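J.: no sequence for this one, just the structure:
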């Protein structure tokens, strides 16, 4: 036990010192010390140094062979670094910037009052190019066409049989043992989730925003008997709706980047906390000489639209279920030999 004199000195020292940041000493300090390059190198293996060499070669030549899976190897390397790695943060920012630069973007704009919220059909993300990324407009191209494309479209059946169809002998399980439920999540997101769960969550968020009314941002307009302030009410409703929409989209982005994309990038079972963060504040560094700009909008690529359908990711168990269900509807006939008219009738069942 310390002496009364020592205890008194401790009390005086604490009284004269600065106010503590926390009431109690936290076990998870939010300001961890960054690791240096030498500490980072201890986490890398021989294959990671080959990845670094390939990155340098691709940077110098300006060309990258997708068959070498360089981006996937970069993710594997970054996931091995400590979570508070300085070089790891810079390299991740550069990786995000590379993904950003792979898409077309309209020029930057000055935020206007009438364009502070995204429209429902995706138009006016940029005032100088209002149709960029809007519904019913063309997709962008990540990879420019290198051969002449004739006016006659190829047979859809030929495309499916060449790219999507598979036989049992060629089926391969995913090396990371990814469940087929992962790919069904994509279907739920694109077709159903915004009509059910996210709509309900959006309504909950709007209710909370209106009730809390932080800093008077969502003060309800004063009702008048003449009803002449309908423009004020329209702005009030729109601000609540659009702000709730932004919060809901933020939840959606976190689900996709922190769970869905991590699984696709094969880091979900690696024990690492690495992930893509679109809110990162990029700075110029040795890895990233030109940080991605903000407020420019973006556009979905046709390549992404095609690959995101995940038809070839159907599991064997689900393939059997679909085949058996079709066979039942066709009174025992083989679905593979059914006519176009018969399959059309099935789609209406």
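T.: Nice, thanks for sending it over. Fair warning: this is a prediction, and the values are worked out from it, not measured in the lab. Numbers count the residues shown, from 1 in each chain.
J.: can we go C-alpha only for contacts and neighbour counts from here?
T.: Will do.
J.: Just give the number of residues close to residue 342.
T.: The number of residues packed around residue 342, counting by other C-alpha atoms under 10 Å, is 13.
J.: residues in contact with the helix or strand harbouring it?
T.: Per DSSP states H and E, residue 342 falls inside helix 340-348. Residues outside helix 340-348 that contact it (C-alpha atoms under 8 Å, 6 or more residues apart in numbering) are 326, 329.
J.: so for it, what's the average pLDDT?
T.: Per-region confidence: helix 340-348 scores 78 on mean pLDDT.
J.: How far does it sit from its chain's centre?
T.: 36 Å (C-alpha atoms, centre = their mean, to the nearest Å).
J.: buried stuff in that helix?
T.: Using 16 or more other C-alpha atoms under 10 Å as the test for burial, helix 340-348 gives no buried residues.
J.: hey, where'd the helices end up in the stretch 201-349 of the chain?
T.: 230-255, 261-264, 302-307, 316-329, 340-348 (DSSP state H, counting those that start in this stretch).
J.: Relative to residue 137, which of these is closest?
T.: Comparing those by their distance to residue 137 (C-alpha to C-alpha), the top pick is helix 302-307, with 11.3 Å.
J.: quick one: that closest one to chain centroid distance?
T.: Centre-to-centre, helix 302-307 and its host chain are 15 Å apart (C-alpha atoms, centre = their mean).
J.: still on that earlier bit, out of the helices of the stretch 201-349 of the chain, which one sits most buried?
T.: Of the helices of the stretch 201-349 of the chain, the one with the most neighbours on average (mean count of other C-alpha atoms under 10 Å) is helix 261-264, at a mean of 17.
J.: show me where pLDDT drops low in the stretch 51-200 of the chain?
T.: Scanning the stretch 51-200 of the chain for pLDDT under 70 picks out 103-114, 189-195.
J.: Helices of that one, start to end?
T.: With helices called from DSSP H, counting those that start in this stretch, the stretch 51-200 of the chain shows them at 70-80, 86-101, 156-159, 181-187, 197-212.
J.: And residue 244, how close does it get to residue 314?
T.: 35 Å (C-alpha to C-alpha, to the nearest Å).
J.: Could you do residue 343 as well?
T.: On the measure of C-alpha to C-alpha, residue 343 and residue 314 end up 19 Å apart.
J.: okay, now the domains of this protein?
T.: Annotated domains of the chain cover 33-106+117-137+273-300, 177-265, 315-349 [automatic domain parsing].
J.: For residue 158, which of these is the nearest?
T.: With C-alpha to C-alpha as the yardstick, what comes closest out of the domains of the chain is domain 315-349 (14.8 Å).
J.: how far is the closest one from where the chain is centred?
T.: In terms of C-alpha atoms, centre = their mean, the centre of domain 315-349 is set 35 Å apart from its chain centre.
J.: list the buried ones in the helix or strand where residue 50 lies?
T.: Using DSSP H and E, residue 50 maps to helix 46-61. Going by neighbour count (16+ other C-alpha under 10 Å), the buried part of helix 46-61 is 48, 51, 54, 55.
J.: how far off helix 316-329 does the helix holding residue 342 point, in degrees?
T.: Here helix 340-348 runs at an angle of 110 degrees relative to helix 316-329 (axes from the mean of the first three to the mean of the last three C-alpha atoms, to 10 degrees).
J.: Next, the contact list for residue 207, please.
T.: Neighbour list for residue 207: empty [criterion: C-alpha under 8 Å, 6+ apart].
J.: again with the one 10 residues further on
T.: Remark: with contacts taken as C-alpha under 8 Å, 6+ apart, residue 217 is in contact with nothing.
J.: just to revisit the earlier point, reformat the buried residues of helix 46-61 as JSON lines; add distance to residue 116.
T.: Output for these, formatted as JSON lines (distance: C-alpha to C-alpha, whole Å):
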{"residue": "48", "distance to residue 116": "44"}
{"residue": "51", "distance to residue 116": "42"}
{"residue": "54", "distance to residue 116": "42"}
{"residue": "55", "distance to residue 116": "39"}
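J.: just curious, which of these is nearest to residue 329?
T.: residue 51 (51.9 Å).
J.: Can you tell me how far that closest one is from residue 305?
T.: Separation of residue 51 from residue 305 (C-alpha to C-alpha): 29 Å.
J.: in the stretch 201-349 of the chain, which segments are predicted with low confidence?
T.: 224-228, 286-287, 293-298, 309-312, 349.
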